[in-house]
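Peer 1: The sequence and its predicted three-dimensional model are supplied below.
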Amino acid sequence: MTELDRRRRPRFKIKVPVQISYGQERMTGLLMDLCRDAALIESGTPIALGSEVVLAAELPGTGGPVQAVGKVVRLSPGPGGNHDMAVLFTDLSPAAETRIDYFIELQTRS
């Protein structure tokens, strides 16, 4: 089974800055792709597997910020010495769900 087969929902490419908070730490990363239940983040600093993170980003065309709580479920080397982190969402507010759904709808129309 390939990684794509394991995914519950299709992911959509995006490149927007994302604020990442975990514990007392704060950093900026790049949101690389997004689906209803997960995101792929590129960052200069890896966060340990299983860590809980809070992500905050502006999704184009959705009219406001999205904040999501999730858990780092996969780490891999990224481009230029960066790190790719897969984050599975564990807590989404109704507003965040609506904005993610709307973003996905916009992507499927194009």
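Peer 2: That came in fine, so what should we check first?
Peer 1: going forward, measure contacts and count neighbours with C-alpha atoms only.
Peer 2: Will do.
Peer 1: any idea how far the closest residue to residue 61 other than its chain neighbours is from residue 12?
Peer 2: Closest residue in space to residue 61, ignoring its immediate chain neighbours: residue 103 at 6.9 Å, by CA to CA, 6 or more residues apart in numbering. Here the criterion is CA to CA, to the nearest Å. By it, residue 103 lies 9 Å from residue 12.
Peer 1: How confident was the prediction at the residue nearest to residue 61?
Peer 2: Confidence at residue 103, expressed as pLDDT, is 89.
Peer 1: hang on, it is in a helix, isn't it?
Peer 2: Yes. Applying DSSP: H, G, I helix; E, B strand; the rest coil, one finds residue 103 inside a helix.
Peer 1: So what's the residue count around it?
Peer 2: 20 (other CA atoms under 10 Å).
Peer 1: for residue 93, same thing?
Peer 2: By other CA under 10 Å, the residues close to residue 93 number 12.
Peer 1: Okay, now the unreliable bits of this structure?
Peer 2: For the chain, residues meeting the criterion pLDDT under 70 lie at 1-10, 110.
Peer 1: for it, what spans make up the strands?
Peer 2: 12-22, 25-35, 38-43, 52-58, 65-77, 83-92 (DSSP state E).
Peer 1: With only the CA atoms kept, save the fifth one in CSV.
Peer 2: Taking Å, rounded to 0.1, in the frame of the first residue of the first chain, the C-alpha atoms of strand 65-77 are listed here in CSV:
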residue,chain,number,x,y,z
PRO,A,65,-7.2,32.7,9.8
VAL,A,66,-7.3,29.0,10.5
GLN,A,67,-6.0,27.5,13.7
ALA,A,68,-5.7,23.8,14.2
VAL,A,69,-4.3,21.6,17.0
GLY,A,70,-2.6,18.4,15.8
LYS,A,71,0.0,15.8,16.4
VAL,A,72,3.3,15.3,14.5
VAL,A,73,2.9,11.8,12.9
ARG,A,74,5.7,11.7,10.4
LEU,A,75,9.1,13.4,9.9
SER,A,76,11.3,13.3,6.8
PRO,A,77,14.1,15.2,5.3
